[in-house]
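>>> Need coordinates for the below:
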Amino acid sequence: MEEEKKEKGFTVKDKRFFAQEEPRETSNAATDTQPNERGASPSEQSSPSSEPPLPEITFSSFIISLSSSALFHFGDIPDPITNKKQRNLPLAKQTIDILGILKNKTVGNLTKEESQLLDNLLYDLRMRYVNEINSGKS
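Sure, this is the predicted structure:
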């Protein structure tokens, strides 16, 4: 009777489907044909029909990308689809605020060059925003 009171264990079965991978060789020749992070092997990357490889993502390239977004919202960069310049100051301010948050959250974790780049971009974008707001009021 005591055996009936004991709790039964449970079994977990993994029902996810995984594609079967081909076994990889461990020689140096095999490393030349292994796929990269995007899943394309070097031979696939060099073919003319494939997309060119993306540049390396660094903190500096990330904040430059955000500042370019702010310039887009200031109307400096045309929309790639319509080829028209559109001005949206609230979105420009939001992007500048995001850069400010990144500055505050990364204090002590940036290199001198990264910190200077972020400070300079923030200063330029903030001054630009103030000028845009003041020119709109007059």
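
>>> contacts and neighbour counts: CA atoms only from here.
OK.

>>> In this protein, spot the helix with the most residues.
helix 112-137 (DSSP state H).

>>> quick one: buried residues of it?
By 16 or more other C-alpha atoms under 10 Å, the buried positions in helix 112-137 come out as 114-115, 118, 121-122, 125-126, 129.

>>> What is it packed up against?
helix 59-74, helix 89-105 (3 or more C-alpha pairs under 8 Å, 6 or more residues apart in numbering; DSSP states H and E).

>>> mind putting those helices in TSV, mean neighbour count, mean pLDDT and distance to G136 included?
Shown next, in TSV, are the helices and strands packed on helix 112-137 (neighbours: other C-alpha atoms under 10 Å; pLDDT from 0 to 100; distance: least, C-alpha to C-alpha, whole Å):
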stretch	mean neighbour count	mean pLDDT	distance to G136
helix 59-74	18	94	12
helix 89-105	16	97	10
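
>>> first to last residue in stretch 102-112, what's the distance?
Start-to-end span of stretch 102-112 (C-alpha to C-alpha, to the nearest Å) is 15 Å.
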